[in-house]
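> Sequence first, then the predicted structure, then my questions.
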Amino acid sequence: MASLNGIEDLHAAIARLLPQAHIAVDAPQQPEGSWFIDVHYAGKSGTVEWRPGQGYGVAGTDAVYGEGPERIFADAVTAAKYLVSVLADTA
């Protein structure tokens, strides 16, 4: 199975930047699959998909299931900052 450092880094960054948020982590069924973190804050929701070795895809409040991410980031902290800015309306 892939290292969990990427998903742990993402979870920690979101929790640090937006401690009031509800964060749910969905693990993949297959070891090489994508991880998802769903974040709910102030009536808004966003999702980050982490593909080990590929990066973090962020889908914000206007996302529709199946559309894919709005933006893709190489590192967890940048992805977390972007998602938090969208959920907190500071983007």
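Nice, thanks for sending it over.

> didn't residue 50 look like it was pressed against residue 9?
No. The criterion here is Cβ atoms under 8 Å, and residue 50 misses it with residue 9 at 9.2 Å. Every residue, glycine included, has its C-beta placed from N, CA and C.

> burial count for residue 74?
9 (other Cβ atoms under 10 Å).

> Return the set of buried residues in stretch 11-18.
By 16 or more other Cβ atoms under 10 Å, the buried positions in stretch 11-18 come out as 11, 13, 14, 17, 18.

> chain center to that stretch: distance?
10 Å (Cα atoms, centre = their mean, to the nearest Å).

> now stretch 32-41
Relative to the centre of its chain, stretch 32-41 is centred 5 Å away, using Cα atoms, centre = their mean.

> same deal with stretch 8-28?
Counting by Cα atoms, centre = their mean, stretch 8-28 is centred 7 Å from the centre of its parent chain.

> sorry, back to before: tell me which of the buried residues of stretch 11-18 is nearest to residue 68?
Ranked by distance to residue 68 (Cβ to Cβ), the buried residues of stretch 11-18 are led by residue 14 at 20.1 Å.

> what residue ranges in the protein score low on pLDDT?
1-4, 61-67, 90-91 (pLDDT under 70).

> dump the residue contacts of residue 60.
When contacts are counted by Cβ atoms under 8 Å, 6 or more residues apart in numbering, residue 60 touches 46, 70, 83, 86, 87.

> Not including adjacent chain positions, what is the nearest residue to it?
Excluding the flanking residues, the one nearest residue 60 by Cβ to Cβ, 6 or more residues apart in numbering is residue 86, at 4.1 Å.
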